[in-house]
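Peer 1: Everything below, folded, please.
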Amino acid sequence: MTEQEKPRTLADCEPIPPDRKSAFKRTHPRIKQGQLEPFEPTHDQRMTVRVMSACGMKPEVIVQHIVNPDTGLPVTVKTLRKYCSKELKDGREVANAMVAQSLFKKAIGNTPQAVQACIFWLRSQAGWLAPDSIEISGKDGKPLTGGERQNLVVYLPDNGRDAANANGDGTQALKRRG
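Peer 2: The predicted model follows:
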């Protein structure tokens, strides 16, 4: 192999003199104003982005599978969002639609998951709310009297934090300070 046939590396190249840099940029086919040609994803790359996005993968993971043919390196997240934003958005929308369709089928079906699916659907789509508080009443549904309030005891499962106050039945009594 002669000296001219040897592959050259960046380290072998002489720096371009400042007065010739602009001429080099104008004449070099792969460099346009100091940058490579803009990345243009192929159809296969766009489909890969759409499918990976539909599976719930984050752009940081997707970029590892999208290689710029000019550099041979994975594209950056910024580049992916710039050139494949529609595919990223479409992928998420397709996944959400498929999950909603599956949930809807379960909600209107007669499977064991139907009740849970119905509750979830009505809370997220129909604006239904779960009660945030529990009302405690006295005898026959009447309001608690002053004495009943002070003697109110709530039993919670033992979490092992304070075994000295345990009732012996696996619960702890919390008394209202008053």
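
Peer 1: Tell me the spacing between Gly72 and Arg46.
Peer 2: 19 Å (C-beta to C-beta, to the nearest Å). Placement of C-beta: from N, CA and C, glycine included.

Peer 1: Kindly report the same for Phe104.
Peer 2: 29 Å.

Peer 1: now do Val99
Peer 2: According to C-beta to C-beta, Val99 stands 23 Å off from Arg46.

Peer 1: quick one, which of the two is more surrounded?
Peer 2: Neighbours of Val99 and Arg46, each counted by other C-beta atoms under 10 Å, are more numerous for Arg46; the result is 16 against 11.

Peer 1: Please identify the buried residues of the longest helix anywhere in the chain?
Peer 2: What stands out as the longest helix in the chain, according to DSSP state H, is helix 85-108. Going by neighbour count (16 or more other C-beta atoms under 10 Å), the buried part of helix 85-108 is 87-88, 90-91, 103, 106-107.

Peer 1: which helices and strands does the one helix or strand Thr48 maps to pack with?
Peer 2: In this assignment (DSSP states H and E), Thr48 forms part of helix 43-54. Helix 43-54 sits against helix 59-62, helix 85-108, with contacts defined as 3 or more C-beta pairs under 8 Å, 6 or more residues apart in numbering; DSSP states H and E.

Peer 1: Give me the contact list for it.
Peer 2: With contact meaning C-beta atoms under 8 Å, 6 or more residues apart in numbering, helix 43-54 is reached by 41, 61-62, 65-66, 80, 84, 87-92, 94-95, 98.

Peer 1: so Ala130 sits right up against Arg123, yeah?
Peer 2: Yes: between Ala130 and Arg123 there is a contact under C-beta atoms under 8 Å: 6.9 Å.

Peer 1: Comparing those two, which residue is more hemmed in?
Peer 2: The neighbour count for Ala130 versus Arg123, taken as other C-beta under 10 Å, is higher for Arg123 (12 against 6).

Peer 1: what's the spacing between His43 and Gly91?
Peer 2: 15 Å.

Peer 1: picking up where we left off before, and the helices and strands packed on helix 43-54, which one's lowest on average pLDDT?
Peer 2: Here the lowest mean pLDDT among these goes to helix 85-108, at a mean of 86.

Peer 1: Let me see the residues that make contact with the helix or strand just after that helix.
Peer 2: Note on helix 85-108: by DSSP H and E, the next helix or strand toward the C-terminus is helix 114-125. Here helix 114-125 makes contact (C-beta under 8 Å, 6+ apart) with 103-104, 106-108, 128-130.
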